[in-house]
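Engineer: show me how the following folds:
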Amino acid sequence: MTLPGKPSRAHCRVALALALCGCVPAAVAAPVVVSSIRPLALILEELAGDALESRVLVSAGASPHDFVLRPSELALLGSARLAVWMGPALERPLAAPLERSGVPAVALLAALDDAPGADPHAWLDPRAAAELARVISTELVARGLLDAELAEQRLLAFQTAMRARETLTRAALAPRATVPFLSLHDGYARFVARYGLRQVG
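Structural biologist: Below you'll find the model as predicted:
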């Protein structure tokens with residue numbers, strides 16, 4: 001006798017047979033998209049949510065200007081459906097591994113139409129970050145990695161968030177805009193220009 005709601009032995013045998021012969025579809029893994037650095041991965045994750053598996057290629061302790069990929073990072077690159085990087089102006093050591101891997105890649109700085117020699121740390125400017133997001137979103141949709149409708153919704157949300165962030169940051173920095181400061185790393189030109197700060201060296 002089979003109790004209501006309880007599968008019979010026959011049902012269990014059928015389910016087991018289907019599983020053993022591979023007839024039960026396995027969960028489909030999300031496509032892997034690698035970002036060269038964490039800031040780009042954060043933008044990607046805002047755009048794609050859990051539709052993609054976002055991985056960062058250059059470890060947190062390494063400089064994007066000077067690094068050597070470990071074997072595990074090279075293997076990760078080879079498994080990716082797409083690589084997102086700023087371009088050789090920021091991550092020159094990545095150019096050769098990308099070319100050898102054959103993985104499709106989008107170099108974001110090329111899409112910003114910057115003047116030669118412009119600061120490559122574009123994500124520090126919220127307006128440039130919104131443009132980077134647009135380029136990434138377009139590439140994901142074009143390659144069939146993200147649904148177009150979902151991509152449009154998430155891109156609009158990200159662009160709205162960047163406008164709000166710019167407003168809040170400008171208000172927070174306004175009282176200090178005339179205070180001179182030095183930086184140990186020449187990577188804040190876009191941030192300084194956007195908020196009218198006084199960097200003296």
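Engineer: mind checking the longest helix of the protein?
Structural biologist: helix 148-173 (DSSP state H).
Engineer: quick check: which helices or strands does it pack against?
Structural biologist: In terms of contacts (3 or more Cβ pairs under 8 Å, 6 or more residues apart in numbering; DSSP states H and E), helix 148-173 is packed against helix 38-48, helix 126-142, helix 189-195. Any C-beta I mention is one placed from the backbone N, CA and C, and that applies to glycine too.
Engineer: make CSV out of those helices and add mean pLDDT, distance to Pro116 and mean neighbour count.
Structural biologist: CSV is the format used below for the helices and strands packed on helix 148-173 (pLDDT from 0 to 100; distance: least, Cβ to Cβ, whole Å; neighbours: other Cβ atoms under 10 Å):
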stretch, mean pLDDT, distance to Pro116, mean neighbour count
helix 38-48, 96, 22, 20
helix 126-142, 96, 16, 20
helix 189-195, 93, 14, 17
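Engineer: how about those in a markdown table, adding distance to Val56?
Structural biologist: Listed next are the helices and strands packed on helix 148-173 as a markdown table, based on distance: least, Cβ to Cβ, whole Å:
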| stretch | distance to Val56 |
| --- | --- |
| helix 38-48 | 5 |
| helix 126-142 | 14 |
| helix 189-195 | 22 |
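Engineer: just to revisit the earlier point, got a list of contacts for the next helix or strand after the longest helix of the chain?
Structural biologist: Next in sequence after helix 148-173, counting helices and strands by DSSP states H and E, comes strand 180-181. Contacts to strand 180-181, defined as Cβ atoms under 8 Å, 6 or more residues apart in numbering, come from residues Leu197, Arg198, Gln199, Val200.
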